[in-house]
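Asks: sequence first, then the predicted structure:
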Amino acid sequence: MSPEKMVRMANQIATFFETQPDVDKAGRVAAHLGDFWEPRMLGQLRTHLEAGGDGLTPLAREGAERVLAEKERA
(Lines give C-alpha, C1' and ligand atoms only; values in the text may rest on other atoms or scores of the structure.)
Protein backbone atom coordinates (compact mmCIF):
# COMPACT_ATOMS: atom_id res chain seq x y z
CA MET A 1 0.00 0.00 0.00
CA SER A 2 1.26 3.48 -0.72
CA PRO A 3 2.40 5.54 2.26
CA GLU A 4 -0.15 8.20 1.33
CA LYS A 5 -3.03 5.72 1.50
CA MET A 6 -1.78 4.31 4.80
CA VAL A 7 -1.56 7.80 6.31
CA ARG A 8 -5.02 8.67 5.00
CA MET A 9 -6.48 5.49 6.53
CA ALA A 10 -4.81 6.07 9.92
CA ASN A 11 -5.99 9.68 9.94
CA GLN A 12 -9.56 8.60 9.07
CA ILE A 13 -9.56 6.21 12.03
CA ALA A 14 -8.27 8.97 14.30
CA THR A 15 -10.88 11.40 12.99
CA PHE A 16 -13.64 8.94 13.85
CA PHE A 17 -12.40 8.41 17.41
CA GLU A 18 -11.82 12.15 17.86
CA THR A 19 -15.60 12.58 17.67
CA GLN A 20 -16.33 9.91 20.30
CA PRO A 21 -16.87 10.72 23.99
CA ASP A 22 -14.13 8.33 25.15
CA VAL A 23 -11.45 9.75 27.40
CA ASP A 24 -8.64 7.63 25.93
CA LYS A 25 -9.05 8.40 22.24
CA ALA A 26 -5.47 7.34 21.40
CA GLY A 27 -6.09 4.04 23.14
CA ARG A 28 -9.15 3.45 20.96
CA VAL A 29 -7.13 4.27 17.82
CA ALA A 30 -4.41 1.87 18.96
CA ALA A 31 -6.97 -0.86 19.67
CA HIS A 32 -8.55 -0.43 16.25
CA LEU A 33 -5.20 -0.58 14.48
CA GLY A 34 -4.20 -3.65 16.48
CA ASP A 35 -7.50 -5.41 15.80
CA PHE A 36 -7.92 -4.65 12.11
CA TRP A 37 -4.52 -3.90 10.55
CA GLU A 38 -2.49 -6.90 9.44
CA PRO A 39 1.17 -7.23 10.50
CA ARG A 40 2.47 -5.98 7.13
CA MET A 41 0.43 -2.79 7.49
CA LEU A 42 1.69 -2.26 11.03
CA GLY A 43 5.25 -2.84 9.82
CA GLN A 44 4.78 -0.22 7.14
CA LEU A 45 3.33 2.13 9.75
CA ARG A 46 6.39 1.55 11.97
CA THR A 47 8.72 2.35 9.07
CA HIS A 48 6.73 5.51 8.33
CA LEU A 49 6.93 6.64 11.96
CA GLU A 50 10.66 5.93 12.10
CA ALA A 51 11.06 8.15 9.03
CA GLY A 52 9.26 11.01 10.77
CA GLY A 53 5.60 10.10 10.38
CA ASP A 54 4.83 12.87 7.90
CA GLY A 55 1.13 13.53 7.42
CA LEU A 56 -0.15 11.72 10.50
CA THR A 57 -2.38 13.74 12.76
CA PRO A 58 -1.30 13.93 16.41
CA LEU A 59 -4.02 11.47 17.45
CA ALA A 60 -3.15 9.02 14.65
CA ARG A 61 0.52 9.25 15.59
CA GLU A 62 -0.14 8.62 19.27
CA GLY A 63 -2.40 5.68 18.53
CA ALA A 64 0.15 4.22 16.12
CA GLU A 65 2.97 4.61 18.62
CA ARG A 66 0.89 2.90 21.29
CA VAL A 67 -0.12 -0.10 19.19
CA LEU A 68 3.44 -0.58 17.97
CA ALA A 69 4.79 -0.40 21.53
CA GLU A 70 2.19 -2.98 22.61
CA LYS A 71 3.16 -5.29 19.73
CA GLU A 72 6.83 -5.01 20.75
CA ARG A 73 6.02 -6.09 24.31
CA ALA A 74 3.94 -9.08 23.12
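Replies: That came through, no problem.
Asks: which stretches of the chain form helices?
Replies: Listed from the start of the chain, the chain has helices (DSSP state H) covering 3-18, 25-36, 39-50, 58-73.
Asks: possible to save the ones you listed as a markdown table with mean neighbour count and mean pLDDT?
Replies: All C-beta spots, glycine's among them, are computed from the backbone N, C-alpha and C. Shown next, in a markdown table, are the helices of the chain (neighbours: other C-beta atoms under 10 Å; pLDDT from 0 to 100):
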| stretch | mean neighbour count | mean pLDDT |
| --- | --- | --- |
| helix 3-18 | 16 | 97 |
| helix 25-36 | 18 | 97 |
| helix 39-50 | 14 | 97 |
| helix 58-73 | 17 | 96 |
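Asks: need the residue closest to the centroid of the protein.
Replies: Nearest to the geometric centre of the chain sits A64, at 3.1 Å (C-alpha atoms, centre = their mean).
Asks: that residue contacts H32, correct?
Replies: No. Judged on C-beta atoms under 8 Å, A64 makes no contact with H32 at a distance of 10.7 Å.
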